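**Q** coordinates only, sequence not included:
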Ligand SMILES: [Fe+2]
């Protein structure tokens, strides 16, 4: 179901659908990563113009496509200068994400242990991702922070989720690698 019309959407969807025919999560996400890299550099694919408009209060999430047959969901996110996420998970889903324009910083974490609502993480890497750069998250490696560290430029990224992601866990830093978990309902703009 195309939720926001855009140029080249038929080919965009057909190429993503083909990637979903791979067998394992690893193969699907690797195929999607390569595919998304190509689509970002493809001048015939023109995302809807609204995805270039940031929202002052928070980064924006706009669902542009949801596959009725394969279940995956494509969200465009728009990051104004300085906007970002807290540390969060992906509700146990795989996800492939790519930077469409601008630059994003991605901080990756591994879960060390958890005890009730307290989670212990170690930071395992920081990536500076520019246009065309893609990455994937496969549970249990599904914890990260994304932010636009630019003071002047807006960034746009595209995220392909295994299913619709309506909520996730977010983690508040209590110090000493310890974080408190809360559930967050994710809104669409
Ligand atoms: Fe994420």
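**A** In hand now; what should we look at? This one's a predicted model, so the numbers in the text were calculated from it and none came from an experiment.

**Q** so what does the lengthiest helix in the chain touch, helix or strand wise?
**A** Assignment by DSSP state H gives helix 25-40 as the longest helix of the chain. Using 3 or more Cβ pairs under 8 Å, 6 or more residues apart in numbering; DSSP states H and E, the elements in contact with helix 25-40 are helix 9-19, strand 95-101, strand 134-137, strand 155-161. No exception for glycine: its C-beta is placed from N, CA and C like everyone else's.

**Q** tell me the centre residue of this structure?
**A** Nearest to the geometric centre of the chain sits residue 159, at 3.9 Å (Cα atoms, centre = their mean).

**Q** from residue 117, how far off is residue 182?
**A** To residue 117, residue 182 is 8 Å away according to Cβ to Cβ, to the nearest Å.

**Q** can you check residue 8 too?
**A** To residue 117, residue 8 is 44 Å away according to Cβ to Cβ.

**Q** looking at the two, which is more packed in?
**A** Applying other Cβ atoms under 10 Å to residue 8 and residue 117 shows that residue 8 carries more neighbours, namely 15 against 11.

**Q** so what's the spatially closest residue to the more buried one that is not a sequence neighbour up against?
**A** Closest residue in space to residue 8, ignoring its immediate chain neighbours: residue 45 at 3.9 Å, by Cβ to Cβ, 6 or more residues apart in numbering. By Cβ atoms under 8 Å, 6 or more residues apart in numbering, the residues touching residue 45 are 6, 7, 8, 11, 12, 39.

**Q** same deal with residue 166?
**A** Here residue 166 is in contact with 185, 186 (Cβ under 8 Å, 6+ apart).

**Q** and the pLDDT for it?
**A** Residue 166 carries a pLDDT value of 91.

**Q** dihedrals phi and psi, it?
**A** The phi/psi pair for residue 166 (degrees, to the nearest 10) reads phi -100, psi -20.
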